[in-house]
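Participant: fold the stuff below for me.
(chains A and B)
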Amino acid sequence: MATPTERRLPQYRPDPDGTHPPLDYAPYRSTALRHPKQPLVLLPQMLTEVTGPLLGPGRLGEFDNDLTRQHAGEPQGQRIIVTGRLLDGDGRPIRDSLVEIWQANAGGRYRHTGDRWPSPLDPNFDGLGRTLTDSDGRYEFTTIKPGAYPWKNHDNAWRPAHIHFSVFGSAFTQRLVTQMYFPDDPLFSQDPIFNSIPDEKARQRMISRFDLDRTEEEWALAFQFDIVVRGREQSVFEDEEEDE
Amino acid sequence: MRLEGTPSQTVGPYLSIGLPWDDGPFVVPEGTEGAVWIRGGVYDGAGNPVPDAMIETWQADPNGGFDHPDDPRGKPGEPFRGFGRCPTDAEGQYRILTVLPGAVPDATGAPQARHIDVSVFARGLLNRVVTRIYFEDQDNAGDAVLASVPEERRDTLLAKKDGAGYRFDVRLQGEGETVFFAV
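Facilitator: Residues are numbered from 1 along each chain as shown, chains lettered A, B, ... in the order given. Have a look, this model is predicted:
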């Protein structure tokens, strides 16, 4: 028998079609052997799905939100400040929530054994950052603008400059890994990962905005990037008396 | 106010720069009573191991509770991270040290079988895929989610006893393809 408490579990509405990429997307070659061919089975949202890890300050080191200060020397490249808010689809800020980023250096090279293209590594740049959102859902990183890099997906393929973002939201249903791009990148048109998003407007939501107000004189440019995870369904079980 | 969602993108080949944590695979510390290793591999449609994937797990504590404000039954007794994360190694293998979750009620209040929710991320996956771990030696009868899966595919959701722990392989495509869920 259903109990009233069980009935008040939040439910998270799916994003509209076209918001997320298909798992099978031939222009991005690596999807070929990695996309499931069987239909997905609907998983009703129960307690395991509407809760999620609350990963707190214990995860952070001193310079985790400033990728330019993780070594004795300064990294090469253009210093940038990246700010934004983590929100759900109803505009609720998601506070005290872990945001993780990783990226290439100014020359477009990752500090990773698998990245062998002949652009130099920067001894003063690791390319990883973490922070927590504040009570208003805001986050901030100081980093270096990443460079574009080649990746052999197709002839003369280059990834547009991007920063990888990982956010948890407050429920398993809201877990999201995405990429932040930069305005007016000439490489968008040939990039299948960027273009895997079917809806043109959704694609544009991955592009950060140049933020003159947050630049720092003689120091850093600034870009603004809000991240929106799934909002809550209006529950059919809503207790109207309680709302009034 | 309605806001439009941010699209998902692949974690790419270099997720191991930013995402792994030293204690990521340890949902519980070593030495915890009842702790078991869940080990497995992630495989592609050609049966090859995927060395640039990452597994994340989310589960209830041994009493079936979640340390989360949306669990209406109140907080469990002990803080419990409930979350595990492990990138795959060069052989496509991952491992998670955890304790079996307790029973969690479904929407009608009926107990579900013990389960762990799983996210799989990888280069070549433009969005995560979601699956569930059940345990072959537990009582899985009457679990509504398992019952909703075609019978011949349910086996892909069962972690198999393997020494003192369990083995749970993820097959992204092809023969024995793991059941993935839309959540």
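
Participant: give the bridge partners for the residue in chain A that chain B sits nearest to, please.
Facilitator: Closest to chain B within chain A is A:Trp102: 2.7 Å, counting by Cβ to the nearest Cβ. Yep, even glycine has a C-beta here, placed from its N, CA and C like the rest. Per DSSP bridges, the residues bridged to A:Trp102 are A:Leu128, A:His164.

Participant: list the contacts for it?
Facilitator: A:Trp102 sits next to A:110, A:127-129, A:163-164, B:14-15, B:17-19 when contact means Cβ atoms under 8 Å, 6 or more residues apart in numbering or on different chains.

Participant: apply 7 Å and report the result again.
Facilitator: For A:Trp102, the contact set (Cβ atoms under 7 Å, 6 or more residues apart in numbering or on different chains) comprises A:127-128, A:164, B:14, B:17-18.

Participant: repeat that for A:Val229.
Facilitator: A:88, A:167, A:169, A:174, A:176, B:5.

Participant: in strands, which of those fall?
Facilitator: A:88, A:167, A:176 (DSSP state E).

Participant: contacts with chain B among those, please.
Facilitator: When contact is defined as Cβ under 7 Å from any Cβ of the partner chain, these meet chain B at A:Leu176.

Participant: spatially nearest residue to residue 144 (excluding sequence neighbours)?
Facilitator: Reading this off chain A. Here the nearest residue to A:Ile144 in space, its sequence neighbours aside, is A:Gly77; by Cβ to Cβ, 6 or more residues apart in numbering or on different chains that works out to 3.9 Å.

Participant: meant chain B, my bad for not saying
Facilitator: Using Cβ to Cβ, 6+ apart, the closest residue to B:Ala144 is B:Asp106 (5.7 Å).

Participant: you'd agree A:Val82 is up against A:Ile144?
Facilitator: No - if you go by Cβ atoms under 7 Å, A:Val82 and A:Ile144 don't touch, sitting 10.6 Å apart.

Participant: more neighbours: which of these two?
Facilitator: More crowded of A:Val82 and A:Ile144, by other Cβ atoms under 10 Å in any protein chain shown: A:Val82, with 27 against 24.

Participant: got the phi and psi for the residue positioned nearest the centre of chain B?
Facilitator: Central residue of chain B (Cα atoms, centre = their mean): B:Val118, 2.6 Å from the mean position. Here is the backbone geometry of B:Val118 (degrees, to the nearest 10): phi -130, psi 130.

Participant: how near is it to B:Val170?
Facilitator: Look at B:Val118 and B:Val170: by Cβ to Cβ, to the nearest Å, they are 8 Å apart.

Participant: identify the contacts common to these two.
Facilitator: B:Thr131.

Participant: and the residue nearest the centre of chain A, how far from A:Ser135?
Facilitator: Centrality entry for chain A: nearest residue to the mean C-alpha point is A:Phe165, 3.0 Å, by Cα atoms, centre = their mean. Distance from A:Phe165 to A:Ser135, counting by Cβ to Cβ: 20 Å.

Participant: show me where the chain has strands.
Facilitator: Here I'm looking at chain A. Using DSSP E, the strands of chain A run over residues A:41-42, A:79-88, A:98-103, A:128-132, A:138-144, A:149-150, A:158-159, A:162-167, A:176-181, A:209-210, A:221-224, A:227-229.

Participant: not quite, I wanted chain B
Facilitator: Counting by DSSP E, the strands of chain B are B:36-43, B:53-58, B:83-87, B:93-98, B:116-122, B:129-135, B:158-162, B:165-167, B:170-171, B:181-182.

Participant: which residue does chain B have closest to chain A?
Facilitator: B:Gly18 (2.7 Å).

Participant: identify the bridge partners of the nearest residue to A:Asp66 once chain neighbours are set aside.
Facilitator: Counting by Cβ to Cβ, 6+ apart, A:Asp66 lies nearest to A:Thr142, which is 4.4 Å off, once chain neighbours are set aside. For A:Thr142, the beta-bridge partners are A:Asp66, A:Ile81 (DSSP bridges).

Participant: what's the burial count for A:Thr142?
Facilitator: So A:Thr142, with other Cβ under 10 Å, has 20 neighbours.

Participant: gap between the closest residue in space to the residue of chain B closest to chain A that isn't next to it in sequence and A:Pro53?
Facilitator: Among residues not flanking B:Gly18 along the chain, A:Trp102 sits closest, at 2.7 Å (Cβ to Cβ, 6+ apart). Distance of A:Trp102 to A:Pro53, computed by Cβ to Cβ: 19 Å.

Participant: what's the offset of stretch B:5-12 from the middle of its chain?
Facilitator: 20 Å (Cα atoms, centre = their mean, to the nearest Å).

Participant: for stretch B:59-72, same thing?
Facilitator: 16 Å.

Participant: contacts made by it with the rest, please.
Facilitator: Residues contacting stretch B:59-72 (Cβ under 7 Å, 6+ apart): A:5, A:8-10, A:47-48, A:50-52, A:54, B:73, B:75-76, B:79-80, B:82, B:98-104, B:116-117.

Participant: list only buried entries from those.
Facilitator: Among those, the ones that count as buried by 16 or more other Cβ atoms under 10 Å in any protein chain shown are A:9-10, A:47-48, A:50-52, A:54, B:76, B:80, B:82, B:98-101, B:103-104, B:116-117.

Participant: mind pulling up the pLDDT for the residue lying closest to A:Pro36 once chain neighbours are set aside?
Facilitator: By the measure of Cβ to Cβ, 6+ apart, the closest residue to A:Pro36 outside its immediate chain neighbours is B:Phe180, 5.1 Å from it. Looking at B:Phe180, its pLDDT is 98.

Participant: next, B:Phe180: phi, psi?
Facilitator: phi -110, psi 150.

Participant: so what's it up against?
Facilitator: Here B:Phe180 is in contact with A:36, A:40, B:129-131 (Cβ under 7 Å, 6+ apart).

Participant: how about 6 Å then?
Facilitator: A:36, A:40, B:129, B:131 (Cβ atoms under 6 Å, 6 or more residues apart in numbering or on different chains).

Participant: same deal with A:Phe225?
Facilitator: Residues near A:Phe225 by Cβ under 6 Å, 6+ apart: A:84, A:180, A:208.

Participant: hmm, 7 Å instead?
Facilitator: A:82, A:84, A:180, A:208.

Participant: repeat for A:Leu42
Facilitator: Contacts of A:Leu42 by Cβ under 7 Å, 6+ apart are B:Ala182.
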